[in-house]
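1. all I have is the shape, not the residue letters:
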């Protein structure tokens, strides 16, 4: 029997950030979407674990990937395998945290849409005929989640822990999916992530930026399906 698949969306995103994968992978397994809830990565992972089944496969994007890693830290025996998309395993550098602080001021002044655009600019995605559509959907999700959630997500990212120790001790199959043209979490950083994990494997998604699951949904869904069907025996 297939383990349930838990999807954790990223920054200011809901289930729509994984809609192609829900449709592709949900035909033969239960799919559970758990948007991050809390003020810190640790709170987000704790609240997720409280509602999740005893055993599950785990996929996270961006902030959701950070939460997924902390779930692995807290309850590694419950995770059968993990896939991380556009995820940075290191703590936030001070200049990046400062830039987020400036965007927080923008959002609190009533310009949440502007702040969201600065967080995910057009250049974060590859040029394609559907880039504008994807960006519009991300704006819709962000607007629906609102300022309070924006503040929480910003603070969680600014204060996120360095998870290198967790990754080095992870004894589960791990797939790292990186957009080849991601300027926010470059491939090199995700190579580091894959290299930290004893059973980590990096797959670079061509013609994709920071949202490969929406920019190249078929490629990502196919990669995840193959990974989820792979053996659990580790050597």
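-> It's in. Quick caveat: nothing in here was measured; it's all calculated off a predicted structure.

2. nearest the middle, which residue of the chain would you pick?
-> residue 61 (1.2 Å; Cα atoms, centre = their mean).

3. need the contact list for the nearest residue to residue 21 once chain neighbours are set aside.
-> Nearest non-adjacent residue to residue 21, counting by Cβ to Cβ, 6 or more residues apart in numbering: residue 221, 5.2 Å away. In short, each C-beta sits where N, CA and C put it, glycine included. Shown in contact with residue 221 (Cβ atoms under 8 Å, 6 or more residues apart in numbering): 20, 21, 24, 25, 213.

4. where along the protein do the helices fall?
-> Assigned by DSSP state H, the chain shows helices spanning 19-25, 41-49, 63-75, 94-108, 112-119, 131-158, 164-168, 187-196, 212-215, 217-228.

5. JSON lines for those, including mean pLDDT and distance to residue 5?
-> Output for the helices of the chain, formatted as JSON lines (pLDDT from 0 to 100; distance: least, Cβ to Cβ, whole Å):
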{"stretch": "helix 19-25", "mean pLDDT": "96", "distance to residue 5": "6"}
{"stretch": "helix 41-49", "mean pLDDT": "97", "distance to residue 5": "14"}
{"stretch": "helix 63-75", "mean pLDDT": "97", "distance to residue 5": "12"}
{"stretch": "helix 94-108", "mean pLDDT": "95", "distance to residue 5": "30"}
{"stretch": "helix 112-119", "mean pLDDT": "98", "distance to residue 5": "27"}
{"stretch": "helix 131-158", "mean pLDDT": "97", "distance to residue 5": "20"}
{"stretch": "helix 164-168", "mean pLDDT": "95", "distance to residue 5": "21"}
{"stretch": "helix 187-196", "mean pLDDT": "96", "distance to residue 5": "20"}
{"stretch": "helix 212-215", "mean pLDDT": "98", "distance to residue 5": "13"}
{"stretch": "helix 217-228", "mean pLDDT": "97", "distance to residue 5": "7"}
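
6. out of those, flag the one nearest residue 8.
-> Between residue 8 and the helices of the chain, the tightest spacing by Cβ to Cβ is seen for helix 63-75, at 3.4 Å.

7. angle of that closest one against helix 41-49?
-> Counting by axes from the mean of the first three to the mean of the last three Cα atoms, to 10 degrees, helix 63-75 lies at 80 degrees to helix 41-49.

8. how is this structure partitioned into domains?
-> 5-92+161-228, 94-156 (automatic domain parsing).

9. name the stretch among the ones you listed that sits most buried.
-> domain 5-92+161-228 (a mean of 20; mean count of other Cβ atoms under 10 Å).

10. what is the end-to-end distance of that one?
-> End-to-end span of domain 5-92+161-228 (Cα to Cα, to the nearest Å): 9 Å.

11. going forward, count from 47.
-> Yep, numbering from 47; the last one is domain 51-138+207-274 now.

12. give me the distance from that domain to the chain's centre.
-> 5 Å (Cα atoms, centre = their mean, to the nearest Å).

13. swap in stretch 162-169?
-> 17 Å.

14. now the end-to-end length of that stretch.
-> With Cα to Cα as the measure, stretch 162-169 spans 13 Å from end to end.

15. ok, back up a step: for the residue nearest to the centre of the chain, give its distance to residue 133.
-> 7 Å (Cβ to Cβ, to the nearest Å).

16. do residue 192 as well
-> For residue 192, the distance to residue 133 - Cβ to Cβ - is 24 Å.

17. now do the same contact list for residue 130.
-> 105, 106, 111, 114, 115, 220, 221, 222, 223, 236, 239.

18. in JSON lines: those, plus distance to residue 145.
-> Shown next, in JSON lines, are the contacts of residue 130 (distance: Cβ to Cβ, whole Å):
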{"residue": "105", "distance to residue 145": "27"}
{"residue": "106", "distance to residue 145": "23"}
{"residue": "111", "distance to residue 145": "20"}
{"residue": "114", "distance to residue 145": "24"}
{"residue": "115", "distance to residue 145": "23"}
{"residue": "220", "distance to residue 145": "29"}
{"residue": "221", "distance to residue 145": "30"}
{"residue": "222", "distance to residue 145": "25"}
{"residue": "223", "distance to residue 145": "25"}
{"residue": "236", "distance to residue 145": "21"}
{"residue": "239", "distance to residue 145": "22"}
